[in-house]
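Visitor: task: produce atomic coordinates for the following.
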Amino acid sequence: MTCSLFKVHFKQTASLFITLILLLPSLLFAQNYDLLLKDGHVIDSRNEIDGVFDIAISGNTIARVAANIPENEAKKVVDASGLYITPGLIDMHSHNFYGTEPYRAYSDGFNALPPDGFTFRSGVTTVVDVGGAGWRNFQQFKDQVIDRSQTRVLAFINIVGDGMSGAPEQNLADMDPRMTSIIANQHSEIVGVKIAHYNGRDWEPYRRTVTAAEKSNIPVMVDFGGAIPPLPIDSLVNDILRPGDIYTHVYGGGVEVRQAVIDENDQLRDGMLEAQENGIIFDVGHGGGSFFYSVAVPAIEQGLWPNTISTDIHIGSMNGGMKNMANLMSKFMNLGMTLNEVIEASTWKPAQVIQREELGHLSEGAVADIAVFSLQEGDFGFIDSRGFSLPGSQKLQPELTIRAGSVVWDLNGLAATPFEE
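Guide: Alright, predicted model coming up:
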């Protein structure tokens, strides 16, 4: 090698070495994460986390949960100090088979709601439509709603083949356990079987619902119908339903055609606490006519707390006392549940009940469905389904909702880029 060639080679090597030295910091601190939630109070019931942590997200997945994750490892950082970070909420009782067909109620009719317009702004990332579709029209529901929604939409299939469409819900001949089970086994979105609104002193519709659920190894949800005299709720929850099945509208009833969980003397009926201890799930399902303080307050005072919190949201409840999941969770905090208890009843517990335990928690490797709340202190009012109100001093305000790693609701621009003139 000549002297001149040696000098050229030396200069090239030196230049490459200097470049590597200059790039070293960025190589050492590569931005591994797309989003970092920093210094939020994390509550994750499944993993028993209750404290200030950071959560890093890569793509659609929770990559890391730890204290003091360096900010320079993320492309975007959200200051969550002073806020609560929870798993995305699971609303286990919703009505989303919306459509434009007259006289179809909650099954391709006007009573149901498009999920994305009502979920993210309340911290919900998963809804379970309960009974909108039956085996005859589930494929339409999937094509029309499930596959077109950013919200994760799961379903309890109605034991009635025609779904929750009004008068056909009384048609015993259309309650086919075999066909219901066949369709349930074909679709992973189906997580249970629903019976609702049946009027009559006949247990056969309930037995057929349980039979269909047994064939698919999924739970039953019962919206107890009406009868004169009413059917005994004790028999339903202790003789018909199985551990893991769900009695929704737990604080409703108490009318001529339907028993409440308390009797006419405000005493909890025999068998209620025993049923809960034996594994029956008591679900709120507030709705527009299924949550009464006259039932809830004495029942809770005697120990019947809800296992799961859900809205029963539809056009008749969305603007009433129920409003949304965040308001409902706040209502139960002011009835005596702790913040951790209402979060568990809206995340990890419903995930267990619908047998979708990949949801409802913030484990590393889980899908990044996350809600961020502020907890406001002040004077608030919470209304029941009869228009009665109770005061409260705490209210959860949804600030940020993340669905599969993407920001889908940002009330005050926490994750937005500041504007600079």
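Visitor: before we move on, which element is the residue nearest to Pro391 when sequence neighbours are not counted in?
Guide: Using CB to CB, 6 or more residues apart in numbering and skipping the chain neighbours, the partner closest in space to Pro391 is Gly381 (6.0 Å). Just so you know, the C-beta spots here come from the backbone N, C-alpha and C atoms, and that holds for glycine as well. In the assignment (DSSP states H and E), Gly381 maps to strand 370-383.
Visitor: flag every buried residue along that strand.
Guide: Ile370, Ala371, Val372, Phe373, Ser374, Phe380, Phe382, Ile383 (16 or more other CB atoms under 10 Å).
Visitor: if I look at the residue nearest to Pro391, how far off is Phe224?
Guide: Counting by CB to CB, to the nearest Å, the gap from Gly381 to Phe224 is 29 Å.
Visitor: and what of Tyr33?
Guide: Using CB to CB, we find Tyr33 at a distance of 48 Å from Phe224.
Visitor: report the contact partners of the nearest residue to Ser310 once chain neighbours are set aside.
Guide: Closest residue to Ser310 apart from its sequence neighbours, by CB to CB, 6+ apart: His93 at 3.5 Å. Residues in contact with His93, defined by CB atoms under 8 Å, 6 or more residues apart in numbering, are Val128, Val130, Met221, Thr248, Asp283, Val284, Gly285, Gly287, Ser310, Thr311, Asp312.
Visitor: just to revisit the earlier point, of all the buried residues of strand 370-383, which two lie farthest apart?
Guide: Largest separation among the buried residues of strand 370-383 by CB to CB: Ile370 and Ile383, giving 29.0 Å.
Visitor: quick one: the strands in the stretch 301-421 of the chain?
Guide: In the stretch 301-421 of the chain, strands defined by DSSP state E, counting those that start in this stretch lie at 370-383, 389-403, 406-410, listed in chain order.
Visitor: could you dump those into TSV and include mean pLDDT?
Guide: Formatted as TSV, the strands of the stretch 301-421 of the chain follow (pLDDT from 0 to 100):
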stretch	mean pLDDT
strand 370-383	98
strand 389-403	98
strand 406-410	98
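Visitor: and those strands: which comes nearest Ile157?
Guide: So among the strands of the stretch 301-421 of the chain, strand 389-403 is nearest, using CB to CB, at 24.1 Å.
Visitor: tell me which residues in that closest one are buried?
Guide: Gly392, Lys395, Leu396, Gln397, Pro398, Glu399, Leu400, Thr401, Ile402, Arg403.
Visitor: so what's Ile228 up against?
Guide: Contacts of Ile228 (CB under 8 Å, 6+ apart): Glu256, Val257.
Visitor: pLDDT at it, what is it?
Guide: Looking at Ile228, its pLDDT stands at 94.
Visitor: if we can go back for a sec, out of the contacts of His93, the closest to Met337 would be?
Guide: Taking the contacts of His93 together and measuring to Met337 by CB to CB, the closest member is Val284, at 11.1 Å.
Visitor: that closest one: what's it in contact with?
Guide: Contacts of Val284 by CB under 8 Å, 6+ apart are 93, 248-251, 291, 306, 308-312, 328, 332.
Visitor: roughly how far does it sit from His187?
Guide: Val284 is 26 Å from His187, by CB to CB.
Visitor: so the residue nearest the centre of the chain, which of the three states?
Guide: Nearest residue to the geometric centre of the chain (CA atoms, centre = their mean): Ile90, 1.0 Å. On the three-state scheme (DSSP: H, G, I helix; E, B strand; the rest coil), Ile90 is labelled strand.
Visitor: bridging residues for it?
Guide: Beta-bridge pairing for Ile90 (DSSP bridges): Thr126.
Visitor: help me confirm that it comes into contact with Glu357.
Guide: No: taking contacts as CB atoms under 8 Å, Ile90 lies outside contact range of Glu357: 11.3 Å.
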